[in-house]
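**Q** My questions concern the predicted model and sequence given below.
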Amino acid sequence: MNRGVVLWVDLSDAQPPELGKTRPAVVLSNSVQNASLGTIVVVPLSSQAPEIWPLRVEVAFGAGKQKSFAVVPGIRQVRKSRLRQPLGRLSGTDLARLNEAVRTYLSD
């Protein structure tokens, strides 16, 4: 599983304010580790606007460049068995913006 890929992920068993159900998510963990580990780190996507920096970052993916919002506080580790079909990939620009938002969110 490559970093920056958007795919359906089963996030069930979540409790509010965690994002649950099966929803699109961006693979955030690096491709080398993803190949050897049984889990990956994802950031769930939502259709709920607007962008709220750095908590919610607008991104686009797929052939039609579908717009969504990466919900940075929803970052989580998931088993690969929760992964479903791929939907597309973020552009280099969108992935860089997401990386910056995650760094800002996780730093002091």
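**A** Alright, I've got the coordinates. Numbering: from 1, shown residues only.

**Q** Chain neighbours aside, what residue packs nearest to residue 29?
**A** Nearest non-adjacent residue to residue 29, counting by C-beta to C-beta, 6 or more residues apart in numbering: residue 41, 3.9 Å away. (C-beta placed from N, C-alpha, C; glycine too.)

**Q** pLDDT on the one helix or strand the one you found maps to, on average?
**A** If you go by DSSP states H and E, residue 41 is part of strand 39-46. Computed over strand 39-46, the mean pLDDT rounds to 96.

**Q** Which elements pack onto that strand?
**A** Judged by 3 or more C-beta pairs under 8 Å, 6 or more residues apart in numbering; DSSP states H and E, the packing partners of strand 39-46 are strand 5-10, strand 22-27, strand 66-71, strand 76-79.

**Q** and the next element down the chain from it?
**A** That would be, after strand 39-46 and using DSSP H and E, strand 56-61.

**Q** Summarise which helices and strands that following strand is packed against.
**A** strand 22-27, strand 66-71, strand 83-89, helix 92-106.

**Q** which of those sits most buried?
**A** strand 22-27 (a mean of 23; mean count of other C-beta atoms under 10 Å).

**Q** Stretch 36-43: how far from the chain's middle?
**A** 11 Å (C-alpha atoms, centre = their mean, to the nearest Å).
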